[in-house]
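Visitor: fold the following, please.
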Amino acid sequence: MRWAQLTLVEDDPGKFDLQFWLDYFRRTHSDAACLSAGGCVAYYPTQIPFHHRSQWLGNTDPFGELVAGCRKLGMMVIARTDPHATYEDVYQAHPDWIAIDAQGKPSRHWASPEMWVTCGLGPYNFEFMTEVKKEIMSRYRVDGIFINRWDGSGMCYCEHCRNNFKAASGLDLPRANDPQHPARRQYILWRQRRLFDLWQLWDGEIRKINSNACVIPNTGGGALSSLDMKQIGERAETLFADRQARRGLMPPWANGKNAKEFRSTMGRKPIVGIFSVGLEEPYRWKDSVQNEAEIRIWAVDGIANGLRPWFTKFSGTLHDRRWLKGVEDLYRWHHRWEKYLRNEAPLARVAMVYSQQTAWFYAGEQARQKVEDPALGMYHALVEARVPFEMVHDRWLDSAHIDQFKTLILPNIAALSDAQCQQLRDYVRRGGSLIATYETSLYDEWGVKRTDFGLADLFGASFQGSVEGPMHNSYLRLETDAQTGRAHPILRGLENAPRIINGVWRLEVRATEKVTNMPLTLIPSYPDLPMEKLYPRVLKTDNPQVFLREFGKSRVVYFPWDIDRSFWDVMCVEHGLLLRNAVEWATNEQKPVTVSGPGILDVTAWRQKQSMTVHLVNLTNPMMMKGPFREFIPIGQQKVGVRLPEGKTARKVHLLVSGKTPHVERANGHLNIIVPSVVDHEVVAIDLTT
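Guide: Numbering: from 1, shown residues only. Modelled structure (predicted):
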C-alpha cells in the first residue's frame, strides 16, 4: 500500500547512511521498496562482463545490505534497473549495441557525454540486460524487477533495427512522422511487438528463478503513451504510474488523470503512483526539494483517484531534509486509515474515453493539440463541475467495461473502427448516453478519413466535407424553444446571455432530420480589425452548433466544434457551463454523490468492503495552473449528498483528515453531510451495515 524508492547515485556506496533509510522506511510504514541494483551502474558485486560496477563499490554490496534490511522490516523488495546508457568499453567491444541517429551517427548521451545511448530494441536489452536480470534474481531472490528507461531514447537506425524491421515489414525504417505513411504505421506496430517480446523474455527468465516474481517495466499512461494500454493491462500484474510532479502549466488533478488512465485497463490490479520530492521542470534539478504543500497536493490527488503512494528520492545522500516530515506525516495518515483506502470499485456513473489509436494514426505530430488538449479541457470541465468520473480505453468498449456507466464522453475521439462504432450504438440501445465533440468517428481506426461520421446516425448530423478554422471573432447565438419560449437545460446558467464566443475549429455539418430545438446556432466570423469593421455581417442563422437527441432512456449530445479543446485553450466559463450541462442532461438520473459549496474540488467516490468514501481534494489555489503551491487555501462549508447502496444503512460517518464527526441528515437511503471546511484534502468515510 505504501512504497519507498531509493535511487542511488554512483558515489553513494560507502557514503550514504543505510540505517537512516531503513529507519525512515519503518517510520513511514512503507511496506515495499524499490532499490537501485544495476544496468547503468551496478550496486552489487556483479560478475557479468561490461556490467559497470560503481567506482565506489569496492568490496561492499549496498544493494544486498538494503535488501536484507528491508526484509527484516517485513517489506517487499523490487530491484531497479536502467539500461538506457553505457560506457566506452561497451562501445568499443559492441558498437552494434549503441543507438544510431537518423544521420547514421552513434548517439552520445545528451546529459553525460562520456556515455553512450543504447538501442532499446537490440541485443543490449535482449541479451546483455537479460543476463543482468537473471543474476540479480539468482543472487537476491527479490520480489520483482522494475525497469526504467527500457524502451529506447528516441528512434534508432542501428543495423539491428533496420534489419529486424525490414524482415518484419519488408520496408525501410521511416524518416518522417506521417502516421499515414505505410512505413510509419508499420513501425508503430512493430516497435510495440518488439517491446512486448522483450517484456515477455525478461519476465519469463526471472520466473524460472523465482516463480513468485515478475518484471515491471516503467510504461503506460494515456492517449499519448506509445505502448498499447490494453495489452499492458492484460499482461501486467501491477504498474507504477511514473508522473512524479507537476511541470509548466500542469494542474494538480493531472495525477488523478494518470490514475484513471492506468485503472481503465488494469481494473482492480494494484496501481502505484510515483511522486517526487523535488521539482520536475525541464531543467532537471533532481537533488531539489519541493514545497511541502506541492508534494502533498500531488500525492493526495493520486490517492483520491486510486493510486497507492510511492515516494522517490534520488541519491542516498541527503542534501536537503525538508521533505522528510511531510512525507512521513502523509504516510502515517495513510497507514492509519488504510482500510478506507483499499478500494473495491468507483461509484462514478460518467466516464471519459481516451484513444491511443487516435493519437497514433490520426494526429501524429499534432497529437498533443488534437488529442490531448480536448481531453484536458473535458477533464477540467468535469472537475470544475464536481462530477465523479472514470476513464475508459477505446479498445475496451464492450458491455463488461462500460455498462457500469450511464454516460460516455468522447472528446474528439476521431479514429474509431466500424466495430467500435457498433459497440457505441449497442451501448446506446442498452440505455447509455453519449457526448461527443468535433471530429469524433470521422476517421477509421487507421486514421483514414471517412466520407461521413461513423456515428452519424447517433449524432443526427452528417459531415459536409469542409472544416473552418482557425476561426476569429465567431459567436454562438443562444436560442429558446420556438413553441414554449423556454431555454433548453443545456443552457442553464446562461439565461441572461444572448450569445457567447464560439470555438476555434468547426465542421460544416447538416442535420439528418428536422431539428425543432436549436439551443446554439452559428454567428459566422467577421473582421476584428480595423475596429471600424467590427460588426456582424450575419446576425442569425439556422446552423445548429449542438445536436441533442433522445433514444428512450438514452441521450446523445454532439458538438460539431472544438468546445473541449477551446475550453482548455482559453478557459471560457460559458464553455465550461455548456459541458457541465451536457453531462447532466445526458446522464439524467439521480447522482450517486453531489457536492456543493465554494471552491474547486476534485471529487471521487469509492466503495470498499464495508464502507464508502468520498474524497474532496481542494484545488482552490492561485497556483493551481502554475506551481508550486505555496500554501493551502482552506475553503468553506461543503454539502455532500450520498446515495447509499441498495439495502445498506450508514452505521457511522466520520472525516478522516480533520478527525471530526460531521452533521448528518438521513432520509430514504440518502445522506446529507456537512463538511465544515477543507484545507487540502478531506475524506468522508461511511461505515455500512446491512
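Visitor: tell me the secondary structure at R666.
Guide: Following DSSP: H, G, I helix; E, B strand; the rest coil, R666 is assigned to strand.
Visitor: does the closest residue to it other than its chain neighbours belong to a helix or a strand, and which?
Guide: Leaving aside its chain neighbours, R666 sits nearest to A650 (6.9 Å; criterion: Cβ to Cβ, 6 or more residues apart in numbering). To be clear about C-beta, it is placed using only N, CA and C from the backbone, and glycine gets the same treatment. Assessed by DSSP states H and E, A650 sits inside strand 649-655.
Visitor: pull the distance from that strand to the chain's centre.
Guide: Its chain's C-alpha centre and that of strand 649-655 lie 32 Å apart, by Cα atoms, centre = their mean, to the nearest Å.
Visitor: please apply the same query to stretch 213-231.
Guide: A distance of 11 Å separates the centroid of the chain from that of stretch 213-231, by Cα atoms, centre = their mean.
Visitor: residues of that stretch that come out buried?
Guide: For stretch 213-231, the buried set under the neighbour-count rule, 16 or more other Cβ atoms under 10 Å, comprises 213-223, 225-229.
Visitor: so which pair among those is furthest apart in space?
Guide: A213 and A223 (31.3 Å; Cβ to Cβ).
Visitor: three-state assignment of D602?
Guide: Under three-state DSSP, D602 falls in the strand class.
Visitor: next one: it from V617, what distance?
Guide: Going from D602 to V617 by Cβ to Cβ, to the nearest Å gives 4 Å.
Visitor: ok so, going back, contacts for the strand holding A650 next, please.
Guide: Outside of strand 649-655, the residues within contact range by Cβ atoms under 8 Å, 6 or more residues apart in numbering are 644, 660-662, 664, 666, 671, 673, 675, 682-690.
Visitor: got it, and stretch 310-322?
Guide: 2-9, 12, 15-18, 20-21, 28, 34, 240, 244, 272-278, 286-289, 292, 299, 327, 331.
Visitor: ends of that stretch, what's the gap?
Guide: The straight-line separation of the ends of stretch 310-322 (Cα to Cα, to the nearest Å) is 18 Å.
Visitor: flag the shaky bits of this protein, pLDDT-wise.
Guide: Within the chain, no stretch has pLDDT under 70.
Visitor: following element in sequence after the helix ranked longest in it, please.
Guide: If you go by DSSP state H, the chain has its longest helix at helix 182-209. Next in sequence after helix 182-209, counting helices and strands by DSSP H and E, comes strand 214-217.
Visitor: so which elements touch the helix or strand just after that following strand?
Guide: On the C-terminal side of strand 214-217, the closest following helix or strand by DSSP H and E is helix 229-235. Packing contacts for helix 229-235, counted by 3 or more Cβ pairs under 8 Å, 6 or more residues apart in numbering; DSSP states H and E, involve helix 182-209, helix 254-266, strand 389-393.
Visitor: same thing but at 10 Å, please
Guide: When contacts are defined as 3 or more Cβ pairs under 10 Å, 6 or more residues apart in numbering; DSSP states H and E, helix 229-235 packs onto helix 182-209, strand 214-217, strand 239-241, helix 254-266, strand 389-393.
Visitor: looking at these, which is nearest to N517?
Guide: The closest of the helices and strands packed on helix 229-235 to N517 is strand 389-393. By Cβ to Cβ, the value is 26.8 Å.
Visitor: buried sites along the longest helix of the chain?
Guide: 183-188, 190-192, 194-196, 198-199, 201-203, 206.
Visitor: what about it, distance to the chain center?
Guide: With Cα atoms, centre = their mean as the basis, helix 182-209 stands 23 Å off its chain's centre.
Visitor: the residue lying closest to C34 once chain neighbours are set aside: neighbouring residues, count only.
Guide: Nearest non-adjacent residue to C34, counting by Cβ to Cβ, 6+ apart: Q5, 4.2 Å away. When counting by other Cβ atoms under 10 Å, one arrives at 23 neighbours for Q5.
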